[in-house]
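Undergrad: only the shape, not the letters, is given here:
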Ligand code: BG6
């Protein structure tokens, strides 16, 4: 595919960036602030426009006011000059994305303006609309070979529905034009995981079943479901977090080194990991998965309602917490469990990967005071991005040997004195550049659903309901039992 010769800023082609769902939460809280930050860095080509499409009865000026308000709310220390530059790029089209009317106006705006621009269509709307909107874009003639469509998860609610969405979108856009966002892949610390593994030599020889005892991946949040109850109650933590973010993290930990980091090579390797996940039988699901749901409790000292109270649906059986034990069946990882857990209304907001190494093969300090413990590498994805390698050291001083745990710390904030960009900043620029490396390919999404589906199916027929955990805690006790059964424990981060 040839990129247009349109003006480039920092290698970026000029672009018509259409956001369908332009006044929604995602657009105003994430996408426009991300574009603002890139505007500050002068990364958007001068001819680039942002076309907001929504049902709101707004003209361009009205939309600019909305966006100004959103940027001022979500950005500290707004650069007024950059904000004005961004606002000047904005246009608004009032139309209901769920109906066929009014799309010809988009054609007039996009095709009717002279000059070559990459066309981006960001669908910040309900997934049920992905297929129909793509068809409408095609019908009004705005899909050319530079066009890209961007979709947020959830892509489907199971394998069949994911395939149906992918088929519908695929009738209009070639796979290389489809950008499926998993915003975890845009996080700096997640990208750094690849660099840490593959731009250094010291870890790779240890990164396998010979030296690694197990891996833990935790994504815990303090927020509840809030305004997203309608969506969340049909999704639950397995679909909302595990099928995508947690499995993507697992892939980056477990994947083989690609020959180089390129648009398909990384995705090829991640796909192989997903395909190597040991399929769960119904017995495996009963033994190796735990679902939980938050009850009332205290989060950061504030009393919060239970999930069902927050939702107003006492009968809901949706899980807000999942813990599970997975295995990657390949040469490198045979026999190494990967424990995953995620939940809402937990005791803290933390996304972290912990690689726990094996104990030294021989105990050399039998009479030492203190304990020798296994090495652990904590990779903190957020907040306070960084890494910590836990080791055992000798406490200084005469007399016998006293063993003490110490850690080698890398804090991003101190190593790099820069603002940590939001994941969307990187991802949106990659869409405009046409670089799909950090986006999920169709086969990856479907492989993830293939693995998750037996869990959903088993849960649907078992009479058990999610186990209750008080809000503000680390989840149901069954999650602790899941890992303790293997003589291991969840490693609580002490990076802060
Ligand atoms: C989203 C989920 O994909 O990720 C949300 O739908 C969740 O339920 C969010 O809160 C977490 O993202 P982050 O970047 O805050 O960890």
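TA: In hand now; what should we look at? Here the structure is a predicted model, which is why all the values come from computation and not from measurement.

Undergrad: quick one: residue 93 is in a strand?
TA: Yes - residue assignment for residue 93, taken from DSSP: H, G, I helix; E, B strand; the rest coil, places it within a strand.

Undergrad: the closest residue to it other than its chain neighbours in helix, strand or coil?
TA: Nearest residue to residue 93 in three dimensions, chain neighbours excluded: residue 53, at 4.9 Å (C-beta to C-beta, 6 or more residues apart in numbering). For glycine as for every other residue, the C-beta is placed from the backbone atoms N, C-alpha and C. The three-state assignment at residue 53 reads strand, by three-state DSSP.

Undergrad: isn't residue 53 up against residue 20?
TA: Yes - the criterion here is C-beta atoms under 8 Å, and residue 53 meets it with residue 20 at 4.6 Å.

Undergrad: give me the common contacts of these two.
TA: With C-beta atoms under 8 Å, 6 or more residues apart in numbering applied, the overlap between the contact sets of residue 53 and residue 20 consists of residue 97.

Undergrad: of these two, who's got more company?
TA: Just comparing residue 53 and residue 20: by other C-beta atoms under 10 Å the higher neighbour count belongs to residue 53, 30 against 26.

Undergrad: contact residues of the stretch 101-250 of the chain facing the ligand?
TA: When proximity is defined by C-beta under 6 Å from any ligand atom, the stretch 101-250 of the chain lies next to the ligand at 221, 240.

Undergrad: tell me who's in contact with the residue of the stretch 101-250 of the chain found nearest the ligand.
TA: Nearest residue of the stretch 101-250 of the chain to the ligand (C-beta to the nearest ligand atom) works out as residue 240 at 4.7 Å. Shown here is residue 240, whose contacts under the criterion C-beta under 8 Å, 6+ apart are 154, 232.

Undergrad: read off the pLDDT value for it.
TA: Residue 240 carries a pLDDT score of 96 in this model.

Undergrad: how about residue 268?
TA: In this model, residue 268 carries a pLDDT of 98.

Undergrad: same question, residue 159
TA: 96.

Undergrad: and the residue minimising distance to the centre of the chain, what are its phi and psi?
TA: For the chain, the residue nearest the mean C-alpha position is residue 184 (2.6 Å; C-alpha atoms, centre = their mean). Here is the backbone geometry of residue 184 (degrees, to the nearest 10): phi -60, psi -30.

Undergrad: pretty sure it contacts residue 426?
TA: No - assessed by C-beta under 8 Å, residue 184 is found out of contact with residue 426, at 11.7 Å.

Undergrad: longest helix of this structure?
TA: Of all segments of type helix in the chain, defined using DSSP state H, the longest is helix 442-461.

Undergrad: check which element follows that helix along the chain.
TA: Scanning the chain past helix 442-461 towards its C-terminal end, the next helix or strand to appear is strand 467-471 (assignment: DSSP states H and E).

Undergrad: who's in contact with that following strand?
TA: Residues external to strand 467-471 that are found in contact with it (C-beta under 8 Å, 6+ apart): 224, 290-299, 304, 306, 321, 343, 345, 475-478.

Undergrad: name the SS class of the residue of the stretch 101-250 of the chain closest to the ligand, please.
TA: Using three-state DSSP as the criterion, the local structure at residue 240 reads helix.

Undergrad: what's the distance between residue 155 and residue 356?
TA: Residue 155 sits 32 Å away from residue 356 when distances are taken as C-beta to C-beta, to the nearest Å.

Undergrad: so between these two, which is more surrounded?
TA: Residue environment comparison for residue 155 versus residue 356 gives the larger neighbour count to residue 155, 27 against 22, counting by other C-beta under 10 Å.

Undergrad: so the more buried one sits in a strand?
TA: No - the assignment for residue 155 is coil, going by three-state DSSP, so no strand is present there.

Undergrad: how much space separates it from residue 120?
TA: When distance is defined by C-beta to C-beta, residue 155 is 18 Å away from residue 120.

Undergrad: now do residue 362
TA: Distance of residue 362 to residue 120, given as C-beta to C-beta: 58 Å.

Undergrad: what's the answer for residue 168, then?
TA: Per C-beta to C-beta, residue 168 is found 19 Å from residue 120.

Undergrad: OK, contacts around the residue nearest to residue 93?
TA: Contact partners of residue 53, counting by C-beta under 8 Å, 6+ apart, are 18-22, 92-93, 95, 97, 106.

Undergrad: make JSON lines out of those and add distance to residue 455.
TA: Conversion of the contacts of residue 53 to JSON lines gives the following (distance: C-beta to C-beta, whole Å):
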{"residue": "18", "distance to residue 455": "37"}
{"residue": "19", "distance to residue 455": "34"}
{"residue": "20", "distance to residue 455": "32"}
{"residue": "21", "distance to residue 455": "30"}
{"residue": "22", "distance to residue 455": "36"}
{"residue": "92", "distance to residue 455": "42"}
{"residue": "93", "distance to residue 455": "42"}
{"residue": "95", "distance to residue 455": "39"}
{"residue": "97", "distance to residue 455": "32"}
{"residue": "106", "distance to residue 455": "40"}
